[in-house]
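>>> With the sequence up front, the predicted model follows.
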Amino acid sequence: MGWVTIIWAMMAGVAATLAGLYLIAWLRARTDLSYLAFVVLAASVVGLAGTELWMMKAQTAHEFGEALRWFQIPIWSGVCSLAALVYLRLRPRFVWIGWLAVMLRTASLVPNFLSPTNLNYTQITGISHVRVLGESVTLATGEPNPWMLLGQASLLLALLFILDGGVSAWRRGGRERPLWLVVSLSALVALGTAQAVLVFWGGVALPMMGSPLFLLTAIAMAHELSSGLLRAERAEREVVAKDAALGLSEQRLSLAAEAAAAGFWSLDGQTGAIWATPKTRELLGVTADGELRLADIMQRVDARDRPGLEQVIMRAQRSDERYRTEFRLIDPRGKVRWLVGLGRRVAEPQTGTQAGNETGTQTGNKTLMGVVIDISERRAMQDEIRRQQTRLAAMQREENVRLTAEVAKQTEALRNASAQAQASSEAKSKFLSSASHELRAPLHDLLGYAQLLSREIPPEAQAHLAVIQKSGNQLLHLIDDILEFSRGDAKPIVLDPAPVSLPELAAHLEATCAPAVARGGNRFETRARLGSLKWVIADERRLTQVLRNLIDNACKYTRNGLIELGIETVDATAGMAGEPEGIHEPLVRFSVRDTGIGIPADQQEAIFEPFKRLNRYDDAPGLGLGLAICRQIVVASGGQLRVESRQGPDSGSLFSFDLRLRMAEAGSEAADSESPRAILGYSGRPRTVLIVDDRASSRRLLAKRCELLGLEVLEAATGRDALDLLSMADRTPDLALVDQFMPGLDGWGFLRCVRTSDQHRGLPIVLVSAAPLERPKGFPADVEFDEVALKPLSATALTDILQRHLDLVWAYAETDLPADAVASTCEFDSTTLSLPPGCCDLELTQLKEMLALGAVVAIDRWAVEMAETYPEHSALWNEIRHRANRVDLFGLRDLVARLPRTAADSERANELS
């Protein structure tokens, strides 16, 4: 047995093995026909190898011709299966090319079996023998058959089909996979075609080598299919992981519902079907299984409450406002239950981009979602209280007429107080809706005129003016906090993972907490045992907030002792409770230990509840919310906050938690910018600005600012006055600054009138309002303000607005002014983006929290305060205000992510690492 026989037999064996493996793969997933097509291709290679060995061992011309005749069968099946694979895997654009190749190859079988000899020769004139790899191989000579061009044409069409599939896959976004596959398949088909032409047309004297080329083609396709199997396996694992995460979320929701004794439900706005949790079905007195409809529930509602409940649901389905209603429900046993329902309508998001929708999302079906809670016990207690009051009144009337009159008087007073409280509660929402506008507007005037005064008062009075500005900003911040707390909107904790240097984090905490630690006569130590672990993926703001809070608590209850911060890696095999197996990410333990007074054992769990504090040191600052917030953050991060404490001679406490944190690369550096300059005016033709505001002080403030910049100003108190000014003006103003709410014709009405007029339709209109944007119902969606700005409007924001809409070229003074004077548009270098040495992590945490909420007005106010505290870094504060006033949230996130730590922190981090 020679080498040729061995090699051809091995190729047949490899092809047969591949055919068997992918036959098993097809039997497991019969929806993917590409595996079956590959089995046919591999079987064709086996047939090619067998017929080629038959030809190379033929002893007569007749035997060679018969072998060559049957050689066309595996060639035909190979071309068909290859075309099918290219269609199934690459999805070519011109499918007819593949069909034509298959049809030509099929048609070539007719002359192959009808010709005297075969498709390739009309007559074999003789055979010869050559030695290949030391073995005698038979070759034939004869007259080529013109019908052989059909087979060669089918191979050329198969080559074009493969190239078309590669181009189509490339256009769909693929790169490496179609390029590698198409190049390999094209080369193999081209080589096979060239060899067939040269052999049968007398170019070279070689044996047929179709099986090696088809085997290489099968191997290339096997690589592609195996890659598909691996991708499918990874996708299946991802689905399993997502299902596990979904199950965990459902368990958390179920636990929350059980803790609150509440039931959740949703009403589909299209089908009218109701989804309800088992607790909801129990409260509504319906069966645990089966379809649930609104009509089924309404039949159980008390007839006295049914009309009101129906009106509440109808209003909720028409608007996005929240509702709350109490009603009575009769269960199947005839028992009356008092229930309270709360909820609102939500829009189910859908992917895709809708015309005119800049956010890239479109609203889908409107679904009414809510929660129902059993308040029967509370109502029973209220009824019982009323009965006891009546009984007591009767006893008092029998005992003493005076006491009866007094009780009646007090009862009436309580009734009036209850009515007043109810009226106050109803007025609360109306007050909050207008409080923002009513409180911000005068503060806008106060801060704006203070900025104007900074241009006019002597330098020795600038410090007093700075106090006014800072106090005004603090008051604005306080107003925002009060309004936000009054709304009572519970916001979930949102994590913002990013690369964090643990050594720098420890150094930063040590530097910023040092003053608080030293005030109690304590010493501070840091224990960082991280090994090679330096950078991880975590929410630095939240992590710093937790550790800072724990250190502050330790300072409150420790005197002349030790406070230790620990950050260390834990054995990765230890794991955490409820954690799946096979996790290899580092487990990092954070801890804060002190030698303070300790915590009693019966209070160690209660301290994590809101507003709970130790009985000792009642004069310690705080409201008792810190540990509750810390526990929420740690749980949201995937850990559990623990406490170990003891009292006595060796008193002290240890707070710790473990987190799984992925390793990350080192963070990037940021760049700097130059200091701003004062604006003296602008170049070019004169510009006119129309200012429309019903508050004379606000209107005059904006007018004064524009006049100081060299602009001509027109003023109007209402939208109607502004339209009259436009009708009488010689030319249309270049820009209009309009308030949102005004008596008579408001800002929205003015906008509609201008946009529908022929003469002033192109007037740029900027909304400057103390309240958030509130589009009136029925207002055309295609009518928009050119820009929206919230009061208080800083000088920087105003100059930016004017420059954007008036295309101004400012003339600057030679000297620098405070950061609030002008807008920053410079690129930064590493010097400007360096933080002040005194800037603490709490201030950066405030910035990141405001950024997560999208509170651009609060960010602008924060940057003003920082500019007053650290004027030497004014360029950084200017850039933050510039992006906040333009509502550039993406730019702000990028800028905050690039902020480096202070030099002191970096030096301390190097010592710890």
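The structure has been received and is ready for your questions.
>>> When you work out contacts or count neighbours from here on, use the C-alpha atoms and nothing else.
Will do.
>>> So in that sheet, which strands flank the longest strand along the chain, and in what orientation?
Looking across the chain with DSSP state E, the single longest strand is strand 336-350. According to DSSP bridges, strand 336-350 forms sheet pairs with strand 323-330 (antiparallel), strand 362-374 (antiparallel).
>>> pLDDT on the last one, on average?
With pLDDT averaged residue by residue, strand 362-374 scores 72.
>>> got the domain boundaries for the chain?
3-234, 261-352+360-374, 382-407, 431-461+678-816, 498-660 (automatic domain parsing).
>>> Quick check: buried residues in the helix or strand in which Ser168 is found?
Per DSSP states H and E, Ser168 falls inside helix 148-171. By 16 or more other C-alpha atoms under 10 Å, the buried positions in helix 148-171 come out as 148-170.
>>> tell me what that helix is packed against?
helix 61-90, helix 95-107, helix 176-200 (3 or more C-alpha pairs under 8 Å, 6 or more residues apart in numbering; DSSP states H and E).
>>> which one of the ones you listed has the lowest average pLDDT?
helix 176-200 (a mean of 56).
>>> tally of neighbours for the residue lying closest to Cys80 once chain neighbours are set aside?
Distance criterion C-alpha to C-alpha, 6 or more residues apart in numbering; nearest residue to Cys80, sequence neighbours excluded, is Val102 at 5.6 Å. Look at Val102: counted by other C-alpha atoms under 10 Å, it has 26 neighbours.
>>> what sits up against stretch 758-774?
434, 436-438, 440-441, 732-741, 747, 751, 754-755, 785-793, 805 (C-alpha atoms under 8 Å, 6 or more residues apart in numbering).
>>> Counting only strands, which of these make the cut?
Leu735, Ala736, Leu737, Val738, Glu787, Val788, Ala789, Leu790.
>>> which among those gets closest to Arg337?
Leu790 (47.8 Å; C-alpha to C-alpha).
>>> what's the weakest-modelled helix or strand in this protein?
Counting by mean pLDDT, DSSP states H and E, the chain has its least confident helix or strand at helix 903-912, which shows a mean of 49.
>>> Do me a favour and get the end-to-end distance for stretch 612-629?
Chord length of stretch 612-629, first to last residue, is 12 Å (C-alpha to C-alpha, to the nearest Å).
>>> any idea of the mean pLDDT for it?
64.
>>> same question, stretch 329-340
pLDDT averaged over stretch 329-340 gives 83.
>>> Need the contact partners of that stretch.
By C-alpha under 8 Å, 6+ apart, stretch 329-340 touches 284-285, 300-302, 324-328, 372-376, 379.
>>> Tell me the one of the residues you listed nearest Trp810?
Distances from Trp810 to the contacts of stretch 329-340, taken by C-alpha to C-alpha, are shortest for Arg324, at 54.7 Å.
>>> Tell me the bridge partners for the closest one.
The partner residues for Arg324, given DSSP bridges, come to Leu342.
>>> I'd say it and Arg344 touch.
No: the pair Arg324 and Arg344 fails to qualify as a contact (C-alpha atoms under 8 Å) at a distance of 9.1 Å.
>>> who's more crowded, the two?
Arg344 (20 against 13).
>>> about what we covered before: ok, and the most crowded of the ones in strands among the contacts of stretch 758-774?
Going by other C-alpha under 10 Å, Val738 tops the ones in strands among the contacts of stretch 758-774 with 30 neighbours.
>>> can you pull the pLDDT of that one?
pLDDT at Val738 comes out at 95.
>>> what's the distance between it and Ser77?
On the measure of C-alpha to C-alpha, Val738 and Ser77 end up 77 Å apart.
>>> Got phi/psi on Arg93?
Per-residue torsions, Arg93: phi -80, psi -40 (degrees, to the nearest 10).
>>> Please name the residues that touch the closest residue to it other than its chain neighbours.
Nearest residue to Arg93 in three dimensions, chain neighbours excluded: Ser168, at 6.1 Å (C-alpha to C-alpha, 6+ apart). Counting by C-alpha under 8 Å, 6+ apart, Ser168 touches Leu90, Arg91, Pro92, Arg93.
>>> what would those residues look like in a markdown table with neighbour count and distance to Tyr557?
Putting the contacts of Ser168 into a markdown table (neighbours: other C-alpha atoms under 10 Å; distance: C-alpha to C-alpha, whole Å) gives the following:
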| residue | neighbour count | distance to Tyr557 |
| --- | --- | --- |
| Leu90 | 25 | 69 |
| Arg91 | 19 | 71 |
| Pro92 | 21 | 73 |
| Arg93 | 15 | 74 |
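>>> Looking at those residues, which is nearest Glu238?
The closest of the contacts of Ser168, once distances to Glu238 are taken by C-alpha to C-alpha, is Leu90, at 24.4 Å.
>>> need the contact list for the closest one.
Here Leu90 is in contact with Gly165, Gly166, Ser168, Ala169, Pro178 (C-alpha under 8 Å, 6+ apart).
>>> can you check Val635 too?
Counting by C-alpha under 8 Å, 6+ apart, Val635 has contacts Leu641.
>>> Tell me where the stretch 301-450 of the chain has helices.
Secondary structure of the stretch 301-450 of the chain (DSSP state H, counting those that start in this stretch): helices located at 306-318, 376-399, 401-453.
>>> For Met11, which of these is the nearest?
Of all the helices of the stretch 301-450 of the chain, helix 306-318 comes closest under C-alpha to C-alpha, at 70.3 Å.
>>> From the contact counts, what lies against that closest one?
Right, helix 306-318 is packed against strand 323-330, strand 336-350, strand 362-374 by 3+ C-alpha pairs under 8 Å, 6+ apart.
>>> Could you export the strands paired with strand 336-350 to CSV, including columns for distance to Ala25?
Output for the strands paired with strand 336-350, formatted as CSV (distance: least, C-alpha to C-alpha, whole Å):
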stretch, distance to Ala25
strand 323-330, 56
strand 362-374, 40
